[in-house]
Structure formats: structure tokens, C-alpha cells
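[1] Provided below for reference: sequence and predicted model.
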Amino acid sequence: MNTSLNTIAAAVQALVPWQQYICDACGYIYNEADGDPDGGLAPGTRYADIPDDWACPLCGVTKADFTPYTPPSLEALRAGLQTSAPVATRGAAGVLIVGAGRAGWQMAEALRALDAALPITVVTACAGDVYDKPMLSIAMARSTALDAMVKESGAAAAARLNVRLLSHTHAVRICADTNQLRTTRGVLRFDRLVLAHGAQAALPPTLPAAMCWRINHLAAYQKLRAALGDTPKDIAIVGAGLIGSELANDLALGGHRITLLDVQAEPLARWSAEGAGTQLLDAWKDLAIRFVGGVQVAQLEQVAGRYRITTTCGQRFAADQVIAAAGLATPPRLAQSADLKWDNGIAVDPANLKTSNERIHAMGDCIAINGQPSRFIEPIARQARAIAADICGTAPAPFEPRAAVVRVKTTSRPLTLH
Ligand code: FE
């Protein structure tokens, strides 16, 4: 009897269309049809059946932070824009956003949600395509096609939000006294400027930029994948923090042989109290990942078409490709050109993300709050809303820094760290 009731219940369940849920923190969309196989949820797992301790694969918040999601139609977006209050005046320079990663696009969206007419210009050194950066750490094991990683082209996002996108354009310097940004495609005026250009992989002096990869955006990742080709390669990764460990995991699952080097004795040493490194090394037992801790790179050189790394203690490692993953640093040039206060990154007021210049905000990976860079996804949408409220003069939406939960996407043993 019970069995047949269960069968009927299952049959009824199967008739309910698959639902989607959005992570309010980062915008990741959970589709019941797809599940989250890396997070232990088989395709077809209903939201109601997701365990409470499951974590968002992108930003690490839990199921409680997801709400039902229906993709908005273009008509709905247009109707929403028409009813929002326009505050911009004709001929205004409007808001200039530097950077078209998650931070830059979230900023444009938050501004557009408050003001349909505000002129918004996005300047970016890359193509401006919309993608989920955390996916760069898991794309190989998932066999994600490189072109499938782009969720929306930069041009399409610009059209959807009615913003002017200047892609492949480098911001060179800020002229704070004239409210102008000098770029490689001319000088742009602004009423307000938002710096959302992110950070770069830090390069120790012993790692020449021309000899190693820095995987902090889609274009670099695609070039690395092209360089690796279809046959297994020897890859040396310098730095076993979050990015280094995730890449090691993913590239090893893709069939490559990894040498992972770090100055610390174990990977993810920042979370050693939570046993992260021990768990990872255990999970990696059967993968081609050789972790060498307690070493510092003294020299990287090219020898017979390959690379040779020599450590300060004289150990040598050969590799076809070398990836630098020894932390991130904010490029200081733009901030310096406007004399912005600097404290391990662009110093901002934690409530409204304003820099030391009244007309300039900053957000995302390039900022530091009380001297502390926060390079996580979860705060970005909240930062964008706080800045948009400040710029548009609507009810303040103060940003509140929170302790970040970090989801380590080492798919052979995903970890949630605090
Ligand atoms: Fe999320």
C-alpha cells in the first residue's frame, strides 16, 4: 500500500514542472532539472529536498538564501524601466564604471533599476562578456565548452541595460580636478565614477609575467586551455590558496599532472584550524597532484622549450606551463592618479563604498575596508545596491560587511570554510 502511494506521489511530483531558485547573494540560479552534481545534488533534486547545509556552489551561502526565480522577459524589464523614476538630466555625463566583471555589471544593473534615464558608460579592458568567474575553477572537470562559459555577450548585456560599453579599452588615468577619465579610446567625462576593475594575481619578482599564467579572468583562462591542448601536460602551480588549490584539482581531473608549490606546509593554510589542507591532501591521494610545501621559488627559467623552477632550497621542477596563484593585489595606478586613499587596496567608507574622493566609489576585489581586502562574491551585489542608492539619492541602502563563508570548489572534496 505504502509502496503504491509512494509511486503515485512520485508520479505526481514528476508532473510538477522543474522550478528555478536564485541565490540572493550572488545570482547563481539553481535549476531543479540540473541539480548540483558537484555539491551532491543529483539532477532532478527538488528544492524542498535540498539539505539545509548545502552551499551555493558560487558563493557559499546556504539554501535559506535562495528564493524562487522566474527569468524576466524583455517586456517585463522594459515595463519596469518605464515605471522607475528618471532623475538624470539631458547632457549629463552620468556614471562611468571601470570594469565589466561581476562587480561592474552588478553596478550597472543596480543603477538601472533605480533610474531608467541615467547615462551609464562601462569601460573595460576585456570583451565585457558576462560569465561566472568561479566556474573557471571547475570548468575542466565538468567538460564545459569554452564558449559555453559566456552567459551573455558584453554587447547583449549593454543593450539589455541600455548602457554604453567600451570594451577592449584601458582606463589610463583619472583627472580628478576635471572629472575626466583618460582611456586608450579617448577622454571620457563623468559625474560619478565607480571603480570596479578588480585585482590581479600578484607576481613575486621571481616569476616573470611572460613565463607564467595569471588566471583571473575568462580570456586568460581560455588562452591557458588552448595552450594545454588535448594531451596531458605537466603544470606547476605556485601558490596553494583558494585559486591555486581549485585549479590544481580541476586540471588534475582533466588529466594533467600537477605540481603544487607553496611557502606554507599545507594547502589552504589560512584555514588550517578547520583542517582544510589535511582534508584536501587526503582527497587528492588518487589524483596526479604532487603538493610540495615549505618552498619558495628562487628562479623560473625556460630550458629547451619547457620551464624549470628552482626553489631557494635547490629543488628543481620541470613543467610545460606555470601558473602563478600566490594571492591577489589591486593594481594601484588608477587610484594613485586620483590621489585616492590607499590601505591594502582602495580605501572606502564601509557604509556607502565612497573613496576619499566625493565623486568616486569603488567596489569588489579592488577595495579594502579598514585595510582588509574582501575578495568574495557574496558582498558584490549588496555593495552595488549601496552605491546605486548613494548616487541616485534614493533611500540609503547601507552596506554591511559580513564574515564571508568560502566554498572551496575542489570538486573531489568540496569544503565550506569560515
Ligand atoms: Fe551564491
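    Alright, I've got the coordinates. Numbers count the residues shown, from 1 in each chain.
[2] closest point of the stretch 101-250 of the chain to the ion, which residue?
    Of all residues in the stretch 101-250 of the chain, the one sitting closest to the ion is Pro134 (9.2 Å; C-beta to the ion). Backbone N, C-alpha and C define where each C-beta goes, glycine included.
[3] Shouldn't that residue be within a helix?
    Yes - applying DSSP: H, G, I helix; E, B strand; the rest coil, one finds Pro134 inside a helix.
[4] any idea how far it lies from Arg413?
    17 Å (C-beta to C-beta, to the nearest Å).
[5] Show me which of those two is the more surrounded one.
    Remark: of Pro134 and Arg413, Pro134 carries more neighbours, 22 against 14, as counted by other C-beta atoms under 10 Å.
[6] how much space between the nearest residue to the more buried one once chain neighbours are set aside and Arg225?
    Distances taken as C-beta to C-beta, 6 or more residues apart in numbering put Leu58 closest to Pro134, at 4.8 Å, once the chain neighbours are dropped. In this structure, Leu58 lies at 20 Å from Arg225, with C-beta to C-beta as the measure.
[7] Look at those two and report which has more neighbours.
    Taking other C-beta under 10 Å, Leu58 and Arg225 do not tie; Leu58 has more neighbours (21 against 16).
[8] Can you report how many residues neighbour Lys63?
    Around Lys63 sit 17 other residues, with neighbours defined as other C-beta under 10 Å.
[9] Can you give me the domain boundaries for the chain?
    Domain ranges of the chain: 17-69, 92-199+330-406, 201-327, per automatic domain parsing.
[10] Now do the end-to-end distance for the second one.
    To tie it back to what came earlier, the one meant is domain 92-199+330-406. When the termini of domain 92-199+330-406 are compared using C-alpha to C-alpha, to the nearest Å, they are 41 Å apart.
[11] what distance separates it from the centre of its chain?
    The offset between the C-alpha centroid of domain 92-199+330-406 and the centroid of the whole chain comes to 12 Å, using C-alpha atoms, centre = their mean, to the nearest Å.
[12] returning to that earlier point: mean pLDDT for the domains of the chain: which is lowest?
    Averaged per stretch, pLDDT over the domains of the chain is lowest on domain 17-69, reaching a mean of 87.
[13] Find the residue closest to Leu249 in space, skipping its chain neighbours.
    Quick fix: residue 249 is Asn, not Leu. The spatial neighbour of Asn249 that comes closest, neighbours along the chain excluded (C-beta to C-beta, 6+ apart), is Thr410 at 4.1 Å.
[14] thought the one you found was touching Leu280?
    Yes - using C-beta atoms under 8 Å, Thr410 is in contact with Leu280, at 6.0 Å.
[15] For the two, work out which one has more neighbours and name it.
    Here Thr410 and Leu280 are set side by side on neighbour count (other C-beta under 10 Å), and the busier one is Thr410, at 29 against 25.
[16] how near is the more buried one to the ion?
    The spacing between Thr410 and the ion, counted by C-beta to the ion, to the nearest Å, is 17 Å.
[17] Give me the distance between that residue and Met135.
    Distance of Thr410 to Met135, computed by C-beta to C-beta: 14 Å.
[18] quick one, what contacts the residue positioned nearest the centre of the chain?
    Taking C-alpha atoms, centre = their mean as the criterion, Lys133 is the residue nearest the geometric centre of the chain, at 4.0 Å. By C-beta atoms under 8 Å, 6 or more residues apart in numbering, the residues touching Lys133 are 101-102, 216-218, 377.
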